[in-house]
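Asker: Mind folding the following:
(one chain, ligands or ions: 2)
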Amino acid sequence: MPSTIELTNIEQSFELADSTITLFSGLDLSIEQGQSYAIVGPSGSGKSSLLMLMSGLEKPTNGIGELFDGGKVRPLEQLRSDVGFIFQQFHLLPELTALNNVALPLKLRGDKQALQKAKAWLDKVGLAHRADHKPTELSGGEQQRVAIARALVFEPRFIFADEPTGNLDQQSATDITNLLFDCCTQGNAALVIVTHSETLAAKAQHIYSLANGRLTNTATVDREAMPC
Ligand SMILES: Nc1ncnc2c1ncn2[C@@H]1O[C@H](COP(=O)(O)OP(=O)(O)O)[C@@H](O)[C@H]1O
Ligand SMILES: [Mg+2]
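Answerer: Numbers count the residues shown, from 1 in each chain. Ligands and ions are numbered 1, 2, ... in the order given. Have a look, this model is predicted:
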C-alpha cells in the first residue's frame, strides 16, 4: 500500500490587525506516494501556503491533515523526516558551503557517507565545481540547485517543490525537472510541484488549479501515458 497524505475540509486563514484573510476553505486533497502533482494558480492564491500545510510544516486553521502509512493513521507533523521541501526562497544556511548545506540532512540522520552522497548530488545538479562556495557567492539559480540537491539527497518519500525552476535557464530547468520526476518514477516518491510553467505542469500526472480559494483538478493522466 502506498502511503497517502489526506487533507479533509481544510481552511487556512490569517488574522490581520483589522481583518481576516481566508486563503481557502472546504479544501480536500489526496497525495499518494509514487504519483506526481502540479499546482498552478495566480500569485497570492495560496499555493505556497497549501504546500506548507500538505507537508505538515504548518497547521491549518481548521480541518484534518493525516498520513495513512502502513495501515496506520498518523498526524501530518510526523511526516517531517520523510519530506524533501524546496522552498521558494531556498532557505540555505548562509554560514555553510554548498557541500555542507547538501550534507546537512544526512549528517542530522547520522549518515557516515554524508559528504560523499552530498558531493554526488552536487554533481547531479551541475554544481560539483561550486562545492566550497557559500550561498552569497552563488547566483539565484545556483542557490536553487543547491536547495534542490539538499531536498533530494536523503531520498524522501514526499517531495514538495515551490517553483523549483523559477530561477533557472532552460537547460538547467530541463535537467532539474528530469531529476525531480526520476525521484517519483524510479524512487517511488510523491512529487508535488507548484509552478507557473505550463511545460513543467504538463509532466505531472495530476494537475490542480488554485484560484479564488478553490482547488480544482484540471487533469489526471495514467502513469503509462506519461512521457517522462
Ligand atoms: N503567515 C501569514 N500571515 C498573513 N498573511 C499570509 C501569511 N502567509 C501567507 N499570507 C498571505 O496569503 C496570501 C497567499 O500567499 P502564498 O501562499 O505565498 O501565495 P502564492 O504562493 O500562491 O503566491 C498572500 O496574500 C500572503 O500575503
Ligand atoms: Mg508562492
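Asker: near ligand 1, which residues of this protein show up?
Answerer: The chain has residues F14, I21, L23, G41, S43, G44, S45, G46, K47, S48, S49 near ligand 1, with proximity defined as Cβ under 6 Å from any ligand atom. From N, CA and C alone the C-beta is placed, and that goes for glycine too.
Asker: Show me what counts as buried in stretch 212-220.
Answerer: L215 (16 or more other Cβ atoms under 10 Å).
Asker: same question for it, mean pLDDT?
Answerer: In this model, stretch 212-220 has a mean pLDDT of 92.
Asker: outside of it, which residues touch it?
Answerer: 22-25, 27, 29, 39, 45-46, 50, 205-210 (Cβ atoms under 8 Å, 6 or more residues apart in numbering).
Asker: so where's the longest helix in this protein?
Answerer: For the chain, the helix that runs over the most residues, judged by DSSP state H, is helix 170-185.
Asker: any idea whether the residue positioned nearest the centre of the chain is helix, strand or coil?
Answerer: Compute the mean C-alpha point of the chain, and by Cα atoms, centre = their mean the closest residue is F160, 1.3 Å away. The local conformation at F160, judged by DSSP: H, G, I helix; E, B strand; the rest coil, is strand.
Asker: mind checking pLDDT for it?
Answerer: 97.
Asker: what's it in contact with, if anything?
Answerer: By Cβ under 8 Å, 6+ apart, the neighbours of F160 are L51, M54, S55, V83, G84, F85, I86, V192.
Asker: From those residues, which land in strands?
Answerer: For the contacts of F160, the ones inside strands are V83, G84, F85, I86, V192, with DSSP state E as the criterion.
Asker: buried residues in stretch 164-179?
Answerer: Buried, per 16+ other Cβ under 10 Å, within stretch 164-179: P164, T165, N167, L168, S172, A173, D175, I176, T177, L179.
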